[in-house]
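Trainee: here is the input, now give the coordinates:
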Amino acid sequence: MKIKMEKGLLYISAEVFTAISGYVTTKCFGVKGMASRSVQDGIVRLLKREYLSKGVKVVCPPDGNTVDIDLHIVVEHGINIPEICRSIMNAVRYNIEKLTGVTVNSVNICIDSIVIG
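Mentor: Numbers count the residues shown, from 1 in each chain. Next comes the predicted model:
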């Protein structure tokens with residue numbers, strides 16, 4: 001992503017948005033981790049902390065100053081799913097905008113699995 005500033009251009013890679021989104025998401029209550037769906041067998045895998053970026057997809061629309069974020073997560077059994085999704089959306093949006101100055105268009109959450117215990 002390229003952002004025009006007073007004295008030049010600022011380039012922010014998609015990996016920056018991915019890292020922030022993955023970290024913030026895993027810190028939210030009720031989230032067990034990020035998920036990666038195997039294309040071959042359709043099995044959802046809970047990712048280790050080192051692979052948080054695999055559960056995040058960042059799309060930078062052509063307008064240049066906004067991002068769309070898709071998250072694939074695994075949650076605990078018994079939590080209020082709409083409430084945790086709202087919490088994640090707010091936390092990710094707030095942190096991306098605060099740390100990078102880039103507006104977040106949307107945060108889309110896909111709950112790939114629920115873990116009991």
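Trainee: for residue 117, give me its contacts.
Mentor: Shown in contact with residue 117 (Cβ atoms under 8 Å, 6 or more residues apart in numbering): residue 77. Any C-beta I mention is one placed from the backbone N, CA and C, and that applies to glycine too.
Trainee: any idea how far residue 31 is from it?
Mentor: Relative to residue 31, residue 117 is positioned 15 Å away (Cβ to Cβ, to the nearest Å).
Trainee: the residue nearest to the spatial centre of the chain: which element?
Mentor: Geometric centre of the chain, nearest residue: residue 21, 3.7 Å, by Cα atoms, centre = their mean. For residue 21, the element it lies in under DSSP states H and E is helix 14-26.
Trainee: just after the helix or strand bottoming out on mean pLDDT in the chain, pick out the following helix or strand.
Mentor: Every helix and strand of the chain was ranked by mean pLDDT, DSSP states H and E. The lowest is strand 44-46, at a mean of 61. Using DSSP H and E, the helix or strand that follows strand 44-46 in sequence is strand 56-59.
Trainee: then that following strand to CSV, C-alphas only?
Mentor: Only the C-alpha atoms of strand 56-59 are listed here, as CSV (Å, rounded to 0.1, in the frame of the first residue of the first chain):
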residue,chain,number,x,y,z
VAL,A,56,-5.5,-13.7,7.9
LYS,A,57,-6.2,-12.3,4.4
VAL,A,58,-5.7,-8.6,3.7
VAL,A,59,-7.1,-7.0,0.6
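Trainee: just the buried positions in that strand, please.
Mentor: Residues of strand 56-59 classed as buried: 56, 57, 58 (neighbour count, 16 or more other Cβ atoms under 10 Å).
Trainee: in CSV: those residues, plus pLDDT and distance to residue 95.
Mentor: Compiled in CSV, these are given as follows (pLDDT from 0 to 100; distance: Cβ to Cβ, whole Å):
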residue, pLDDT, distance to residue 95
56, 92, 13
57, 92, 17
58, 93, 14
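Trainee: just give me the longest strand of this structure.
Mentor: strand 103-115 (DSSP state E).
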